[in-house]
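[1] how would this look folded up:
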Amino acid sequence: MSKPSVSKTTHLILGDCAADALRAALPDAAILVARDDLPVGPLADVDADAGARAAFWSEVNPFFPYRFADKLAEERAMLASLPADLTVWVGNSCGEELMLRRIAWWRRGRPFTLIRVPQIESVFPDAMFALGMCEAAQLQAAAELGEKTGKQTLAALAAEWEALRGSDGLRSWQDGRFSCCPINSLDDELWLCVSTRWEAAYQAVGEWMGNSHGFFRSDWLGSWRMALLGKAGRVEFAEADPDFSLARSRVRRLPLAEQAAD
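    As a prediction, the model looks like this:
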């Protein structure tokens, strides 16, 4: 089977870091960027008005300088107008696997070229890696590996997306399968990353992010859950910080006995 031309197709990739690496690898390529962090939060209306999803992200980051509803609408508009000649890039991460299934659903049976980038060195469980972790040379080497998706593959991927849209909370990708868990399921682990002595909040959140398993944890998710641990009386903040800046906030873990007393 002949390989599609990497210069004539439009490339779709997840995340700005990955897009920057791809631009360095393929300077003349047309590149589109998906940005929604699909492993996190409700998906039921993500392909419609996304009101619930926008409200969720507004709660996670109320200080985001743009309206989440607008950003989600921009992503839907991009998916609705994808060109016929399309190449989709994925690594080995939950977000990319979810993006792939969402694209298959939006394509309505129209084939596209899929490039699965070969495994790179990774310290994460299940050799998890996202394309934002790749060097430009690794993406350039993978550019000739694209294969056209068949109708049966497209239908199976789209059906998976239909099923996944009924989930909420957190989604993981392990051993070729998705699983879901409640949004607060990682709070105890985050609490244990906080020292009993005062420390910068970003240190605890950074350790928690480094323990990513099944999906890549973001600083947005970590800072939001840390703030909720504070409201629940499980951690204490040294300074009152209305913006909850990870760079400015100091935090310490409250012992269980002290929490019980509260």
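[2] so which residues of this structure form helices?
    With DSSP state H, the ranges of helices along the chain come out as 16-25, 51-60, 68-80, 94-107, 136-142, 151-164, 187-193, 201-210, 219-231, 256-261.
[3] most tightly packed of these?
    Each of the helices of the chain was scored by mean neighbour count; the highest is helix 94-107, a mean of 23, by mean count of other CB atoms under 10 Å. Placement of C-beta: from N, CA and C, glycine included.
[4] pLDDT of stretch 146-160, averaged?
    For stretch 146-160, the mean per-residue pLDDT is 96.
[5] nearest residue to the middle of this protein?
    Nearest to the geometric centre of the chain sits D37, at 3.4 Å (CA atoms, centre = their mean).
[6] where does it land on pLDDT?
    Note on D37: pLDDT of 97.
[7] that one contacts S93, correct?
    No. Using CB atoms under 8 Å, D37 makes no contact with S93, being 11.0 Å away.
[8] now tell me which helix or strand of the chain has the poorest mean pLDDT.
    helix 256-261 (a mean of 57; mean pLDDT, DSSP states H and E).
[9] please name whichever of the helices of the chain is nearest to P42.
    helix 51-60 (5.0 Å; CB to CB).
[10] show me how far the closest one is from its chain's centre.
    For helix 51-60, the distance from its own C-alpha centre to the chain's C-alpha centre is 15 Å (CA atoms, centre = their mean, to the nearest Å).
[11] touching that helix from outside, list them.
    Identification of contacts with helix 51-60 by CB atoms under 8 Å, 6 or more residues apart in numbering yields 40-46, 64, 67-69, 72, 220-221, 224.
[12] avg pLDDT for it?
    Taken as a whole, helix 51-60 carries a mean pLDDT of 97.
[13] could you give the angle of that helix to helix 219-231?
    Relative orientation of helix 51-60 versus helix 219-231 (axes from the mean of the first three to the mean of the last three CA atoms, to 10 degrees): 70 degrees.
[14] now the angle from helix 51-60 to helix 68-80?
    On the basis of the same axes, to 10 degrees, helix 51-60 is oriented at 130 degrees to helix 68-80.
[15] what would helix 51-60 look like as PDB? C-alpha coordinates only.
    Output in PDB follows, covering the C-alpha atoms of helix 51-60 (Å, rounded to 0.1, in the frame of the first residue of the first chain):
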ATOM      1  CA  GLY A  51     -22.300  23.700  28.900                       C
ATOM      2  CA  ALA A  52     -21.700  21.200  31.700                       C
ATOM      3  CA  ARG A  53     -18.100  20.700  30.500                       C
ATOM      4  CA  ALA A  54     -17.400  24.500  30.300                       C
ATOM      5  CA  ALA A  55     -18.900  24.900  33.800                       C
ATOM      6  CA  PHE A  56     -16.600  22.100  35.100                       C
ATOM      7  CA  TRP A  57     -13.400  23.700  33.600                       C
ATOM      8  CA  SER A  58     -14.500  27.100  35.000                       C
ATOM      9  CA  GLU A  59     -14.600  25.500  38.500                       C
ATOM     10  CA  VAL A  60     -11.200  23.900  38.000                       C
END
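[16] pLDDT below threshold where in the stretch 1-150 of the chain?
    1-7 (pLDDT under 70).
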